[in-house]
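> Need a 3D model of the following:
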Amino acid sequence: MGRYDTSIALQDEARRYLAGGVSSNFRYHTMPVPLCFERGDGPYLWDADGNRYVDYVLGNGPAILGHTPAGVLDAVRRSLDMGQAYTALHRGELELAKRLTELIPCADLVRFDISGTQADQIALRLARAHTDRPKVIKFEGQYHGWADNILASVGPALNEAGPRDHPTAVLHSRGQLANAADNLIVQPFNDLDLVAATLDEHGQEVAAIVLEPVNCNSGVIEPEPGYLQGLRELCDRHGVVLIFDEVITGFRVALDGAQGRYGVTPDLAVFAKAAAAGFAISVIAGRRDIMEGVTSGVVHGGTYNGITSSIAACGAAIDELERDNGAAYRRMEHYGSQLIDGLNEIGRRRGVPLHAQGLGPIFTAVFNANGPMREYRDYKRTDEPMRLKFVEELQNRGVRTTARGTWFMSAVHGDEEIAFTLDAADQAAAALAS
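Prediction:
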């Protein structure tokens, strides 16, 4: 019997009833098919064939406390007896909102939603309403949800991306209207001079700059020293709303997000993924004068916004992340750094261009002979076939990572998992070298 026979059979059956066999296009890339998982516990997952994996996908980031975290599940169970969808304010919602305004630097006010895509949309709408301007600056290789008006230049081929100093806004999906990107201006990450020049030319049309403060979707590339501060100053100078998309970095790189870690406060920020340790919630947070747009004509709705179970999960997740003065973050930094250093050492020793970079709680592993990456085009020039083969070799040895090379750490990965992972990575690199 083959290692993945049951998953293959279940995926074949799923395609008869479930479009594409999965419920998100970002789940297509597991080899040899999108695997079927039966359960998770701590840092581990088990698939339908009984194979166990050390999991560094973690639901693409949400499971920051590992799978089935007891404190969060207990809080959710208690909430279930209270009812779920009130379509009204409840005490838990008020208490969590109050807590978030104390934790998040930019948060004078917050609102809840259920996905990063939707929270990004209301952030953009608030910015346009506040400035009465149409255009938005975004950055190559960054993802702000799958809605038509922002799904551009997420992963363009370099021969389609246009010149570096004036990138083309490349639509990402069939079915998007041809004019979907008409109000987008695309820029390379980590080049402050180009943003300054763009705002000098188009500043009176630009409502917002939206960015992942760490370029997590393509290379886990940190902002260079002074870059975020420079964007803050440019936005102040031109009356532009600065939006941090912290869907990934929020609650992951620090309890107060990337804005806290790097000491730069945006006007608006969006949080999701790790916020509720696996339950569906997103948060839009920001300046009072911008956020109060929802009381003066800016429409934001959602039947499941503020649902009791997700609010309870978010509050309990924060409790766990705060425990022992942030021990979870120290643990993720420690073990994530061990993996980064270990993967780079394996690459050198095995003679393959394996390159890891990023932060302890989230990093990337790619194949790149050119050293550290500073923007999307550096990531795009890495060896994708070799990366995918490495991911497959790791999976065959019981280590699960994302196809794009991003590794998410949890607060429950420890010595045993790191040793197992580095041994599997050494074997995988040896297989590539041979």
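> How about the residue nearest the centre of the chain, nearest residue that isn't a chain neighbour?
Nearest to the mean C-alpha position of the chain, by C-alpha atoms, centre = their mean, lies Ile248 at 2.9 Å. Spatial nearest neighbour of Ile248, excluding adjacent residues (C-beta to C-beta, 6 or more residues apart in numbering): Cys216 at 4.4 Å. Just so you know, the C-beta spots here come from the backbone N, C-alpha and C atoms, and that holds for glycine as well.
> Can you give me the neighbour number for the one you found?
Residues lying near Cys216 (other C-beta atoms under 10 Å) number 31.
> need the contact list for Tyr329.
Shown in contact with Tyr329 (C-beta atoms under 8 Å, 6 or more residues apart in numbering): Ala254, Leu255, Leu321, Pro361.
> Repeat the analysis, applying 10 Å as the threshold.
64, 251-255, 261, 321-322, 360-361, 409, 411 (C-beta atoms under 10 Å, 6 or more residues apart in numbering).
> Could you dump those residues into a markdown table and include pLDDT, neighbour count and secondary structure?
Formatted as a markdown table, the contacts of Tyr329 follow (pLDDT from 0 to 100; neighbours: other C-beta atoms under 10 Å; DSSP: H, G, I helix; E, B strand; the rest coil):
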| residue | pLDDT | neighbour count | secondary structure |
| --- | --- | --- | --- |
| Ile64 | 98 | 29 | coil |
| Phe251 | 97 | 29 | coil |
| Arg252 | 98 | 31 | coil |
| Val253 | 98 | 28 | coil |
| Ala254 | 97 | 19 | strand |
| Leu255 | 96 | 17 | coil |
| Arg261 | 98 | 18 | helix |
| Leu321 | 98 | 22 | helix |
| Glu322 | 97 | 15 | helix |
| Gly360 | 97 | 19 | coil |
| Pro361 | 98 | 27 | coil |
| Met409 | 98 | 29 | coil |
| Ala411 | 98 | 24 | coil |
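> Is it possible to get CSV of these that adds distance to Val76?
Listed next are the contacts of Tyr329 as CSV, based on distance: C-beta to C-beta, whole Å:
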residue, distance to Val76
Ile64, 16
Phe251, 17
Arg252, 20
Val253, 25
Ala254, 24
Leu255, 20
Arg261, 28
Leu321, 16
Glu322, 18
Gly360, 28
Pro361, 23
Met409, 23
Ala411, 18
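> Now do the strands in the stretch 201-350 of the chain.
206-211, 241-246, 268-271, 282-286 (DSSP state E, counting those that start in this stretch).
> Would you state the strands of the stretch 1-150 of the chain in chain order?
37-41, 44-47, 52-55, 109-113, 135-139.
> could you give the mean pLDDT of the third one?
Spelled out, that is strand 52-55. Regarding strand 52-55, the rounded mean pLDDT is 98.
> again, but for stretch 226-242
Rounded mean pLDDT across stretch 226-242 is 98.
> what's the answer for stretch 167-184, then?
On average, stretch 167-184 scores 94.
> Then stretch 188-196?
Rounded mean pLDDT across stretch 188-196 is 98.
> What residues sit buried inside that stretch?
Pro188, Phe189, Asn190, Asp191, Leu192, Val195, Ala196 (16 or more other C-beta atoms under 10 Å).
> residue contacts, the closest residue to the first one other than its chain neighbours?
The shortest distance from Pro188 to any residue that is not its chain neighbour, by C-beta to C-beta, 6+ apart, is 4.8 Å, and that residue is Glu375. Contacts for Glu375 (C-beta under 10 Å, 6+ apart) come out as 139-141, 164, 187-191, 215, 218-219, 221, 224.
> again, 8 Å this time
With C-beta under 8 Å, 6+ apart, Glu375 has these contacts: Glu140, Gly141, Pro188, Phe189, Asn190, Asp191, Asn215, Ile221.
> The third one reaches Pro163, doesn't it?
The reference is to Pro188. No: the criterion here is C-beta atoms under 8 Å, and Pro188 misses it with Pro163 at 10.1 Å.
> now Leu231: how far from Ile137?
9 Å (C-beta to C-beta, to the nearest Å).
> which residues are in contact with both of those two?
Val195, Ile209.
> residue contacts, the residue nearest to Ile248?
Contacts of Cys216 (C-beta under 8 Å, 6+ apart): Ile248, Thr249, Ile362, Thr406.
> And the furthest pair within these?
Thr249 and Thr406 (12.0 Å; C-beta to C-beta).
> and these two? which has more neighbours close in?
Thr249 (28 against 23).
> if I pick that one, what's in contact with it?
Taking C-beta under 8 Å, 6+ apart as the test, what Thr249 contacts is Glu212, Pro213, Val214, Cys216, Gly257, Ala258, Arg261, Ile362.
> how about the nearest residue to it, chain neighbours excluded?
Ala258 (4.1 Å).
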